[in-house]
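# My questions concern the predicted model and sequence given below.
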Amino acid sequence: MPTSTEHWRARAALPASKGILAPEPGAPGIAPHAAAADLQAASGDAPVRLSRLPVGPAVAHLVRHVWVPRWRLPPGVVVEQGVLEYPSANLVVEAHAAGLYGPAPGRSDERLEGSGWAFGALLQPGVARRLAGVPMRSIVGSLVHLHELRAHGAAPFAADVRRAMEIGDEASAVTYLEQWIGAQEIVLDADAALVREVVELAESDRSILRADDLARASGLGLRSLQRLVRDELGLTPKWLIRRYRMQEAAAALAESDPPPLAELAASLGFADQAHLGREFRAVIGETPRRYARRAGARGPESAPAVLG
């Protein structure tokens, strides 16, 4: 098994489409296919695009990666972009707001209209608790405003990022993030290291289907595991397992040639196709077959055309 550092470096290199759900056919939105998402990210013409950027090794223990969506939509066009968030918090700077956002417990839909951008940093598991200064359970599906964090220099940091983003200088925005979060002197203790290992196991080991499995794999008692995940992430072990399985399922079903459902269910550790279907519908809101048809209708190689 790779070391924790190797694991997170590998996951940071995943396509920008990881965790992104397919929009309705014909609607502009971030492509669920990795190849098309990469084309969108490199294009200045796509109406909606998402870039995923690495951070330097000095802060890689604090930030998993940076994500930058940009959109330019004609009047009256609205995109509801579905997302299955990672089990950690995001530090987000926008044109008129900034804060630490906890993960949405279910599917989230981001409303995009007009023109805009966001600059987000997905924090490593265990980091948000040390920045937030409040119980993690209180920010699941919510936020702590930037000025409320246990951090100094928040306002100048946000101003620097906004100036860089307005002129399209995303590299400088990443540098400002690295400088700011590195200066906070965040101390990650044994619990932070342990929850990172637990998240790694939930993400990478498909034999883990229940909280008991995750407890055994991590060498913890079930109650200790539940307490750790609740305190550090504001979530439950069951949520971790479910979220990663659904991210993997949605990504596979969005491919140009998705696998048979029975095969996909087996590869993700579900007892059978029916179990996968029930879980998928509960989280995504539609059946796997319908989602696959909808994602496939866009075409794996087709980045959306310019609107207007």
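Ah, there it is.
# just the helices in the stretch 1-150 of the chain please.
Chain-ordered helices for the stretch 1-150 of the chain, with DSSP state H, counting those that start in this stretch as the definition, fall at 4-12, 34-42, 127-132.
# And for residue 180, the neighbour number?
Under the neighbour criterion other Cβ atoms under 10 Å, residue 180 is assigned a count of 21. (Each C-beta comes from the backbone N, C-alpha and C, glycine too.)
# ah, wrong one, I meant residue 38
The criterion is other Cβ under 10 Å. On that basis, residue 38 has 19 neighbouring residues.
# what does the one 5 residues further on give?
Residue 43 is flanked by 13 other residues according to other Cβ under 10 Å.
# From residue 140, how far out is residue 106?
11 Å (Cβ to Cβ, to the nearest Å).
# Low-confidence regions, this structure specifically.
Applying pLDDT under 70 to the chain flags residues 1-18, 25-27, 31-37, 297-308.
# Export only the CA atoms of the longest helix seen in it, formatted as PDB.
The helix spanning the most residues in the chain, taking DSSP state H as the definition, is helix 237-253. Once side chains and other backbone atoms are set aside, the C-alpha atoms of helix 237-253 remain, and they are given as PDB (Å, rounded to 0.1, in the frame of the first residue of the first chain):
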ATOM      1  CA  PRO A 237     -17.700   6.600   8.800                       C
ATOM      2  CA  LYS A 238     -20.800   5.400   6.800                       C
ATOM      3  CA  TRP A 239     -20.900   8.700   5.000                       C
ATOM      4  CA  LEU A 240     -17.200   8.400   4.000                       C
ATOM      5  CA  ILE A 241     -17.700   5.000   2.500                       C
ATOM      6  CA  ARG A 242     -20.900   5.900   0.700                       C
ATOM      7  CA  ARG A 243     -19.500   9.200  -0.700                       C
ATOM      8  CA  TYR A 244     -16.500   7.600  -2.300                       C
ATOM      9  CA  ARG A 245     -18.500   4.700  -3.800                       C
ATOM     10  CA  MET A 246     -20.900   7.100  -5.300                       C
ATOM     11  CA  GLN A 247     -18.200   9.300  -6.800                       C
ATOM     12  CA  GLU A 248     -16.600   6.200  -8.400                       C
ATOM     13  CA  ALA A 249     -20.000   5.000  -9.700                       C
ATOM     14  CA  ALA A 250     -20.900   8.300 -11.200                       C
ATOM     15  CA  ALA A 251     -17.500   8.600 -12.900                       C
ATOM     16  CA  ALA A 252     -17.800   5.100 -14.400                       C
ATOM     17  CA  LEU A 253     -21.400   5.700 -15.600                       C
END
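# just checking, what packs against the next helix or strand after it?
Using DSSP states H and E, the helix or strand that follows helix 237-253 in sequence is helix 261-267. Counting contacts by 3 or more Cβ pairs under 8 Å, 6 or more residues apart in numbering; DSSP states H and E, the secondary-structure elements packed against helix 261-267 are helix 237-253, helix 273-284, helix 288-296.
# Quick check: which of the ones you listed is buried the most?
helix 237-253 (a mean of 21; mean count of other Cβ atoms under 10 Å).
# wait, what's in contact with the nearest residue to residue 86 once chain neighbours are set aside?
What sits nearest to residue 86 in space, not counting adjacent residues and going by Cβ to Cβ, 6 or more residues apart in numbering, is residue 122, at 5.9 Å. Contact criterion Cβ atoms under 8 Å, 6 or more residues apart in numbering gives 63, 64, 65, 66, 67, 86, 88, 90 as the residues in contact with residue 122.
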